[in-house]
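>>> the following comprises the amino acid sequence and a computationally predicted model.
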Amino acid sequence: MSDSSAADILERIKPLMHKRVGPYNSWNPVSRTQIWQWCSAMGDHNPLYLDDQYRAEHSEFSRDKAVAPPAMMQMWSMRDVNGNDGPGSTTDNLFEILAALEEEGYEGIMAVSYDQTFHRYLEEGDRAHHYSTIINVSDLKTTGIGKGFFVTQLAEFMDQNDELFAEARITYFKYQVPKKPAGASKPSAPGKINRIHPVENHDHEHFWQGLRDGKLLIQKCDDCGELRHPPQPMCEHCQSLNWSTIESKGKGTVYTYTVMHYPEIPPFDYPNAIVLVDLEEGVRIVSQLIGTKPDDIKIGMPVEMKLTEVQEDMTLPLFHAAGPKIEEKP
Amino acid sequence: MSDVNHKFKNVIASDLSVGDALPEFELPITAKLVVSTAMASQDFQDVHHDKDAAIAKGTPDIFMNILTTNGFVGRYLTDWAGPGSRIKKIQFNLGAPNYPGDTMIMSGEVTELSQDGEHHLAHVNFKGKNGMGNHVSGTAIVQLATVAG
């Protein structure tokens, strides 16, 4: 890895930008077999593509020619299994910029976004090729996977008449793969991300056990009778350490709320409405409001608890709008 | 028409309002799906069919290729809008990979309705969420069918 600064690297590679490279030709014309293989693998049964009678009766396309799903755009001029471009393709290196970045140690590559416009659907017999141009390289950025540059490629997908049938701006992140410390463990199996399990100890295990037993329990001071939530060892009114619990009916009103939109942190569903509920018994509880669109949430709206097993061994008192319409799904 | 087509129904502009949700679509990710769609999209990168090679590159398993993600986004849009619809634009950001054993749930919402000449366009926000977060999220513009059915 060289010690070039990001500014040096950018100065060197910027002149390589805006060079249109191509054509990259297809190995075969658009064929019914490849459309069938795609639709079959993707489970796409849209009759427009392969049902000749449907096309004849209900579309602007010809009965005799299968129509390619637009998302197949890029596959027609893909390399073959041996990594060779279709006959007559350019031998120019599209990825001079990527190669230059690799020499500087930015070896990782990951596609981050696609922005595609479809001008027409291809039909059986059409012949695709494409041209590519690197249209942007960002400054050096630091992300969760390492430091690198965002590189944007414009791909122009053309037919046999050199007319554009689709175009895409594809952005890659070209990054330095972080060095693994010696003895780094193997990649762990992909797993579902779960909610963090709350700590349960002497002071609040009654609350979590209550939920597992199907009850929302509120602490009550045995000496002065004040209710309190969240659980705590001492009454803040009379400093008594003696307490018991009562069972909440799970009814209340929204005191206030906030809606999380971004970033979308798994495993929560977004937008994620967090509510502070005034329970009828007289304490407040933080929870999630389910089944109501964010714009329809109102301060003061009546809500009811729905004990929900959000994941194995975790039951939470979620709330939904009270009334006849009850959304069952969290 | 064959039986399989009967589930398709065109959505027309008068059926729609901003804020309407698209039906959810649940896609179980299997090794067979990852491999067969990679082959169908002519993508022979080893991380899409060879688990040992994928592990050597630092990922825990083979994972779905981008052309396939694109294919499922297209399918999700036309499964909803019907065979009379035409996809005009798809923009998306890529996130958590789709590994075998996971499930991707696609959801979407109509964000805007507009017109281009005689055509009605539905603007849609969509996302495909798996067990680790959003695999894909983005926006699309779909030209709606002019006739229902």
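Sure thing, it's come through.

>>> figure out how far the longest strand seen in chain B is from the centre of its chain.
Longest strand of chain B, by residue count under DSSP state E: strand B:103-116. Distance, stretch centre to chain centre, for strand B:103-116: 11 Å (CA atoms, centre = their mean, to the nearest Å).

>>> next: stretch B:22-29.
How far stretch B:22-29 lies from its chain's middle: 9 Å, per CA atoms, centre = their mean.

>>> quick one: contacts of that stretch?
B:33, B:64, B:72, B:76, B:79-80, B:98-110, B:124, B:126, B:128, B:130 (CB atoms under 8 Å, 6 or more residues apart in numbering or on different chains). To be clear about C-beta, it is placed using only N, CA and C from the backbone, and glycine gets the same treatment.

>>> got a quick ChimeraX command for the buried subset of these?
Restricted to buried positions by 16 or more other CB atoms under 10 Å in any protein chain shown, the ChimeraX selection for the contacts of stretch B:22-29 reads:
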select /B:33,64,72,76,79,80,98,99,100,101,102,104,106,107,108,110,124,126,128,130
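
>>> out of the contacts of stretch B:22-29, which touch chain A?
Among the contacts of stretch B:22-29, proximity to chain A is found for B:L33, B:F72, B:D79, B:Y99, B:G101, B:D102 (CB under 8 Å from any CB of the partner chain).

>>> so the fourth one is in which element?
Here B:Y99 is covered by no helix or strand, with elements defined by DSSP states H and E.

>>> surely it meets B:P60?
Yes. Judged on CB atoms under 8 Å, B:Y99 makes contact with B:P60 at a distance of 6.6 Å.

>>> just give me the neighbour total for A:V177.
By other CB atoms under 10 Å in any protein chain shown, 15 other residues sit near A:V177.

>>> find the nearest non-adjacent residue to the residue nearest to the spatial centre of chain A, please.
When CA atoms, centre = their mean is applied to chain A, the residue found nearest the centroid is A:E264 (7.8 Å). Closest residue to A:E264 apart from its sequence neighbours, by CB to CB, 6 or more residues apart in numbering or on different chains: A:Y270 at 4.7 Å.

>>> which SSE is A:Q37 in?
Per DSSP H and E: A:Q37 is located in helix A:32-42.

>>> how about that helix and chain B, touching?
Yes. Using CB under 8 Å from any CB, helix A:32-42 reaches chain B at A:Q34, A:Q37, A:W38, A:S40, A:A41, A:M42.

>>> thought the second one was touching B:A40?
Yes. Under the criterion of CB under 8 Å, A:Q37 is in contact with B:A40, at a separation of 4.6 Å.

>>> who has more neighbours out of these two?
B:A40 (22 against 17).

>>> just how off-centre is the helix or strand of chain B with the lowest mean pLDDT within its chain?
Least confident helix or strand of chain B, by mean pLDDT, DSSP states H and E, is helix B:51-56 with a mean of 92. Relative to its chain's centre, helix B:51-56 lies at 26 Å (CA atoms, centre = their mean).

>>> for the chain, which segments count as strands?
In the absence of a named chain, chain A is used. In chain A, the strands defined using DSSP E lie at A:21-25, A:108-118, A:129-137, A:141-143, A:146-158, A:164-175, A:217-221, A:227-228, A:243-247, A:251-260, A:272-279, A:284-290, A:302-311, A:314-321.

>>> switch to chain B, that's the one I care about
For chain B, the strands defined by DSSP E occupy B:21-28, B:86-94, B:103-116, B:119-130, B:133-143.
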